[in-house]
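*Asks:* let me see the structure of the following:
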Amino acid sequence: MAAATAVVSTLTGGGLFDLHLFDSAPSATALAQIPLAMLTRYQQAAPSCPGLPWTVLAAIGKIETDHGRAPNQVSSAGAVGPMQFLPDTFNQYAQPVPPGGANPPTPWDPTDAIHAAARLLCANGARDARDLHAAIYSYNHADWYVEQVLAQAREYAHSTEQQALPLPPNRTAATAIAFAHSKIGTPYEWGGIGEPGHGYDCSGLTQAAYASAGIALPRVAQDQHDATHQLPDTAPLLPSDLVFYGASPAAITHVGLYIGGGQMIDAAHTGTTVRTEPFRHPGDHYLGATRPAS
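*Replies:* So this is what the prediction gives:
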């Protein structure tokens, strides 16, 4: 697990990105250490910031007060409550009151505090996984703290990946993959481009992923195929390449984002969610790949 984590870690926006942080299921360590009520709060608060893993919130909760179990929750600097907020800082991120929170909100209430922590992180780099390092650094201005949070978050993420994934070739590629991975579990929606309350279709996801990295792709799969650099059939694929499917190069019907290890992230069809799956399987009508992030 440690070796695989090291391999899939890379830099995005100046910070560390690790695919394992986004695993939705808690690890055995998480289940053993985190009270169920707190685990539920972390998992409910994280989706308020697309791209923020619940594992990061839980790691901060562990480091700050052992998930609210520390006997003294008032620091020498005046930070209070389970997520150790300075009252003035908490007030900046306390609204709106989350479901189940106190009204008026207070940093001593765990629901209020965890949602406020999610908002603080979101405002400082966590949205769409742009820069988790900067987001965590904003919580406590110390590099050692960032590394401690990320290490704890990895322990809380349950990974079923057995194969280490190669590093993306550059920051653009890493950013696109980070965005797509942060959308895993989002429902498929035909014509969807990820607007609030809506999902993605295949090309809507790849367009949004590359937009997060500063590259504008056309809207539909056929146009994305035609507008990007076609790779020779013998060329090895790199993470962030677009992989295309259809009856012919003039009849593209599907696109996915290759992430290495024979896997892609895609929004497949109605009734599914954004997911990781093998990019090749019998009868897949695979036509080849292009490389926007060259």
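
*Asks:* tally of neighbours for residue 27?
*Replies:* 18 (other CB atoms under 10 Å). Quick note: C-beta positions are derived from backbone N, CA and C, even for glycine.

*Asks:* ditto for residue 44
*Replies:* So residue 44, with other CB under 10 Å, has 18 neighbours.

*Asks:* ok, it - contacts?
*Replies:* 98-99 (CB atoms under 8 Å, 6 or more residues apart in numbering).

*Asks:* where does it sit, in terms of helix or strand?
*Replies:* Using DSSP states H and E, residue 44 maps to helix 36-45.

*Asks:* same deal with residue 177?
*Replies:* Here residue 177 is assigned to helix 171-182, by DSSP H and E.

*Asks:* next one: residue 123 from residue 152, what distance?
*Replies:* 22 Å (CB to CB, to the nearest Å).

*Asks:* ok, these two, which is more surrounded?
*Replies:* residue 152 (20 against 14).

*Asks:* helix/strand/coil for the residue lying closest to the more buried one once chain neighbours are set aside?
*Replies:* Once flanking residues are discounted, residue 152 sits nearest to residue 59: 3.7 Å by CB to CB, 6 or more residues apart in numbering. With DSSP: H, G, I helix; E, B strand; the rest coil as the basis, residue 59 sits in helix.

*Asks:* can you get me a residue count around residue 59?
*Replies:* Count around residue 59 with other CB under 10 Å applied: 25.

*Asks:* ok, now which ones touch it?
*Replies:* 148-153, 156.

*Asks:* do residue 35 as well
*Replies:* Residues counted as contacts of residue 35 (CB under 8 Å, 6+ apart) are 67-69.

*Asks:* residue 127 too?
*Replies:* 49-52.

*Asks:* how is the protein carved up into domains?
*Replies:* The record's domain split for the chain, according to automatic domain parsing, is 2-156, 171-290.

*Asks:* want to throw those domains into TSV with mean pLDDT?
*Replies:* Compiled in TSV, the domains of the chain are given as follows (pLDDT from 0 to 100):
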stretch	mean pLDDT
domain 2-156	86
domain 171-290	93
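
*Asks:* re earlier: just the buried residues of the helix holding residue 44, please?
*Replies:* 38-39, 41-45 (16 or more other CB atoms under 10 Å).

*Asks:* ok, now stretch 57-69?
*Replies:* Here stretch 57-69 shows 57-65, 67-68 as buried, counting by 16+ other CB under 10 Å.

*Asks:* and the residue nearest the centre of the chain?
*Replies:* Geometric centre of the chain, nearest residue: residue 182, 2.9 Å, by CA atoms, centre = their mean.

*Asks:* hang on, isn't that residue packed against residue 50?
*Replies:* Yes. Using CB atoms under 8 Å, residue 182 is in contact with residue 50, at 6.1 Å.

*Asks:* now for those two: what residues contact both?
*Replies:* residue 128.

*Asks:* the longest strand seen in the chain: which residues count as buried?
*Replies:* Identified as the longest strand of the chain according to DSSP state E is strand 252-260. Buried residues in strand 252-260, counted by 16+ other CB under 10 Å: 252, 254-260.

*Asks:* now for it, which elements pack on it?
*Replies:* If you count contacts as 3 or more CB pairs under 8 Å, 6 or more residues apart in numbering; DSSP states H and E, strand 252-260 packs onto helix 171-182, helix 202-212, helix 221-227, strand 242-246, strand 263-266.

*Asks:* could you dump those into a markdown table and include distance to residue 194?
*Replies:* Below are those laid out as a markdown table (distance: least, CB to CB, whole Å):
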| stretch | distance to residue 194 |
| --- | --- |
| helix 171-182 | 10 |
| helix 202-212 | 5 |
| helix 221-227 | 16 |
| strand 242-246 | 17 |
| strand 263-266 | 13 |
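
*Asks:* out of those, nearest to residue 95?
*Replies:* Nearest of the helices and strands packed on strand 252-260 to residue 95, taken as CB to CB: helix 171-182 at 24.4 Å.

*Asks:* how about the CA coordinates for the closest one, as PDB?
*Replies:* What follows is helix 171-182, C-alpha atoms only, in PDB (Å, rounded to 0.1, in the frame of the first residue of the first chain):
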ATOM      1  CA  ARG A 171       1.300  19.200 -14.300                       C
ATOM      2  CA  THR A 172      -1.500  19.800 -16.900                       C
ATOM      3  CA  ALA A 173      -2.000  16.000 -17.100                       C
ATOM      4  CA  ALA A 174      -2.000  15.700 -13.300                       C
ATOM      5  CA  THR A 175      -4.500  18.500 -12.900                       C
ATOM      6  CA  ALA A 176      -6.900  16.900 -15.500                       C
ATOM      7  CA  ILE A 177      -6.700  13.500 -13.800                       C
ATOM      8  CA  ALA A 178      -7.200  15.100 -10.300                       C
ATOM      9  CA  PHE A 179     -10.300  16.800 -11.500                       C
ATOM     10  CA  ALA A 180     -11.800  13.700 -13.100                       C
ATOM     11  CA  HIS A 181     -11.000  11.500 -10.100                       C
ATOM     12  CA  SER A 182     -12.700  14.100  -7.800                       C
END
